[in-house]
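In: Sequence first, predicted coordinates after that:
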Amino acid sequence: MSNNRFLQIIAMSATVSNTNILQKFLDATYFHTSFRPIPLQEYIVFQDQILTKTGESRGILAPCSASKQNICDYAVASIIEESLSNFEQTIIFCGSKYSCVQTLKPLLSFFKNLSCDSNIMEERKKLQVSLRQTSADDFLGNLVDETLIEFVEFGLAYHHAGN
């Protein structure tokens, strides 16, 4: 590796676990912060309860009469419903694109039943058209997949860094 003192690399990652090795290899300065402009809330689903990271119960989950979804689907829907009622957003972290899709698919039935302002629905429809056009214009034809486009109609989306 060339020793170029004028070269600067600034890298940001939430997924690199071996930063100390990378730092030594590059002879670099490492900066770390746990600052978050919005606090991260983590939950654990155990049996029929949603627990905070510290083990406090957020309540017992009641099964949804509309379908036979598993307990994790109930938990995720419950947390999202609470966030929406407080005019907040929810981000669910998954390890792969497949996990993102599998986590969101059962939630479609929950979100299909939520009422939404007609202006918002119109904007979502426009976004779907735009995403389909973007995907069609991509020379590989796979910039945006149809599953993501379907989710957008219900206010759902995902981002993933891998397969």
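Out: Structure's in. What do you need?
In: could you point out where the chain is predicted with low confidence?
Out: Scanning the chain for pLDDT under 70 picks out the ranges 1-15, 61-71, 135-143, 160-163.
In: can you pull out the helices in it?
Out: Using DSSP state H, the helices of the chain run over 19-26, 71-85, 97-104, 107-112, 118-137, 146-152.
In: pretty sure Ile60 is touching Gln49, no?
Out: Yes. Look at Ile60 against Gln49 with C-beta atoms under 8 Å: they come within range, at 5.8 Å. (Each C-beta comes from the backbone N, C-alpha and C, glycine too.)
In: neighbour count winner among the two?
Out: A side-by-side neighbour count of Ile60 and Gln49, using other C-beta atoms under 10 Å, places Gln49 first with 15 against 9.
In: Tell me who's in contact with the more buried one.
Out: 57-61 (C-beta atoms under 8 Å, 6 or more residues apart in numbering).
In: That one and Ser83, how far apart?
Out: Separation of Gln49 from Ser83 (C-beta to C-beta, to the nearest Å): 18 Å.
In: Surely Cys94 is in contact with Cys72?
Out: No. If you go by C-beta under 8 Å, Cys94 and Cys72 don't touch, sitting 11.8 Å apart.
In: Between those two, point out the one with more neighbours.
Out: Between Cys94 and Cys72, Cys94 has the larger neighbour count (other C-beta under 10 Å), namely 15 against 12.
In: follow-up on the earlier one: make CSV from the helices of the chain and add distance to Pro37 to it.
Out: As requested, the helices of the chain are exported to CSV (distance: least, C-beta to C-beta, whole Å):
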stretch, distance to Pro37
helix 19-26, 22
helix 71-85, 17
helix 97-104, 23
helix 107-112, 26
helix 118-137, 25
helix 146-152, 25
